[in-house]
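> test case, fold it:
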Amino acid sequence: MELTARKALLQKQSRANAAPIQALVISSSGSTVVWGDSAGQLSIWKRNPSTGELAAAATATLDVEDAVAAVAISSNDSQVVAAAGQTLHFWNPATGQHRNVDDHHATITAIQLGDSIL
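Purely as a prediction, here's the structure:
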């Protein structure tokens, strides 16, 4: 019985993904989860902070072409920054606006945001 209950809880708190997840971040509010996978897709999920339960489907996705190595979300949950190959992707999922900076000469492997950046 306990194993069945744990399995049900795990299914509420996770989702299957077609490609391996490379990077994941939970927003400071706990209500948004963003992950990037090895196929180059970013996915945003709404999450109940008190139960950890994820929504049944992603609220937004973005294809960035290269495997995602790092992902960050702004403190107000409105902007996502992802590193994929030598490119930084800046994405506002609410508006769909996406821009990138691709003049790096090496693979980007980490991102850190400050509150005044976005």
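> give me the most central residue, this structure.
Val34 (1.9 Å; CA atoms, centre = their mean).
> Provide the strand pairings for the helix or strand hosting that residue, with the direction of each partner.
Element membership for Val34, per DSSP states H and E: strand 32-37. If you go by DSSP bridges, strand 32-37 pairs up with strand 21-26 (antiparallel), strand 41-46 (antiparallel).
> so for that strand, mean pLDDT?
Strand 32-37 comes out with an average pLDDT of 91.
> list the buried ones in that strand?
Within strand 32-37, the residues that qualify as buried are 32-37, counting by 16 or more other CB atoms under 10 Å. From N, CA and C alone the C-beta is placed, and that goes for glycine too.
> how about residues contacting stretch 77-88?
With CB atoms under 8 Å, 6 or more residues apart in numbering as the test, stretch 77-88 has contacts from 23, 27, 29, 31-32, 34, 36, 40, 42, 44, 64-74, 89-94, 100-102, 104-111, 113, 118.
> try it again at 6 Å.
If you take CB atoms under 6 Å, 6 or more residues apart in numbering as the criterion, stretch 77-88 is touched by 27, 32, 34, 36, 40, 42, 64, 66, 68-73, 89-92, 100-102, 104, 107-108, 111, 118.
> just the buried ones among those, please.
27, 32, 34, 36, 40, 42, 64, 66, 68-73, 89, 91, 108, 118.
> show me the contact partners of the strand holding Val34.
17, 19, 21-26, 42-45, 47, 68, 71, 73, 77, 80, 82.
> can I get it in PDB, CA atoms only?
Taking C-alpha atoms only, strand 32-37 is exported to PDB below (Å, rounded to 0.1, in the frame of the first residue of the first chain):
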ATOM      1  CA  THR A  32       6.900  27.400 -11.900                       C
ATOM      2  CA  VAL A  33       9.300  24.700 -13.100                       C
ATOM      3  CA  VAL A  34      11.400  25.100 -16.200                       C
ATOM      4  CA  TRP A  35      13.500  22.400 -17.800                       C
ATOM      5  CA  GLY A  36      15.600  22.000 -20.900                       C
ATOM      6  CA  ASP A  37      16.400  18.700 -22.500                       C
END
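> if we can go back for a sec, rank the strands paired with strand 32-37 by mean pLDDT and give me the bottom one.
Looking over the strands paired with strand 32-37, mean pLDDT reaches its minimum on strand 21-26, with a mean of 88.
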